[in-house]
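K.L.:
show me how the following folds:
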Amino acid sequence: MKRWLVFVGVAAGVWLWSHQRGGVVATTLADGGLEYPGYHINALENYEIDARVLSRHDYRDDREAALAPTDLALGWGPMADEDVLASIEVSQNHRWYFWRAAKLPIPAREIEHHSANVHIIAASTAAANALARVKPHDRVRVAGKLVDVHADDGWHWRSSLSRTDTGASACELLWLERLEIL
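P.N.:
As a prediction, this is how the structure comes out:
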């Protein structure tokens, strides 16, 4: 019986390890792109920001979760100010970031221009481990590259390159190289 339990425990551990991306490493290609198992990733531009984590949502069941299992709603400038945030309710669902306020503490356009939903692809085990420690309200320094992803089966996902857009396709898709909790 003990051997059976040990076998089941080891098998479960191997299964969990094989279904987590933390140990997967991308290969840099001659064209500067990244080859990731099943995906080709093109860097569009560098991205670095000091921000407050407004919300965090982890995904397991959508297509994107195999590549980017975590989204962070980030706020900077006035959207990193605790007094402003005390009046704003933030949530995430289905890869979208939502906010609402009974009374706006700053103009709505300022909220939209100083916050974003960021889909995060960890570039390394270290980046994945740092991301795992992030909680709402943390102040973070995030660095990496905004990317365009093409899957072997034709699926495509592209980052926004603007910090002032809103709505569909306004999220950043980040190849996370470094994350520091401040």
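K.L.:
beta partners of the residue lying closest to residue 97 once chain neighbours are set aside?
P.N.:
Nearest residue to residue 97, sequence neighbours excluded (CB to CB, 6 or more residues apart in numbering): residue 117, at 3.6 Å. From N, CA and C alone the C-beta is placed, and that goes for glycine too. Using DSSP bridges, the bridge partners assigned to residue 117 are residue 73.
K.L.:
does residue 117 really touch residue 171, like I thought?
P.N.:
Yes - taking CB atoms under 8 Å as the definition, residue 117 is a contact partner of residue 171 at 4.5 Å.
K.L.:
could you check the pLDDT of the residue nearest to residue 97?
P.N.:
Per-residue pLDDT puts residue 117 at 96.
K.L.:
residues in contact with it?
P.N.:
With CB atoms under 8 Å, 6 or more residues apart in numbering as the criterion, the residues that contact residue 117 are 71-73, 92, 95-97, 170-172.
K.L.:
give me the common contacts of residue 117 and residue 171.
P.N.:
Common neighbours of residue 117 and residue 171 (CB under 8 Å, 6+ apart) are 71, 95, 97.
K.L.:
most neighbours among the residues you listed, which one?
P.N.:
residue 71 (24 neighbours; other CB atoms under 10 Å).
K.L.:
any idea how far that one lies from residue 96?
P.N.:
Relative to residue 96, residue 71 is positioned 9 Å away (CB to CB, to the nearest Å).
K.L.:
cool, residue 136 as well?
P.N.:
In terms of CB to CB, residue 136 sits 16 Å off from residue 96.
K.L.:
residue 59 now?
P.N.:
Here the criterion is CB to CB. By it, residue 59 lies 12 Å from residue 96.
K.L.:
and the helices in this protein?
P.N.:
Applying DSSP state H to the chain gives helices spanning 2-18, 82-85, 108-113, 125-132.
K.L.:
whichever of the contacts of residue 117 end up buried, select them in ChimeraX.
P.N.:
Buried residues among the contacts of residue 117 (16 or more other CB atoms under 10 Å), as a ChimeraX selection:
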select :71,72,73,92,95,97,170,171,172
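K.L.:
relative to residue 153, which of the contacts of residue 117 is nearest.
P.N.:
When the contacts of residue 117 are ranked by distance to residue 153 (CB to CB), residue 95 comes first, at 19.2 Å.
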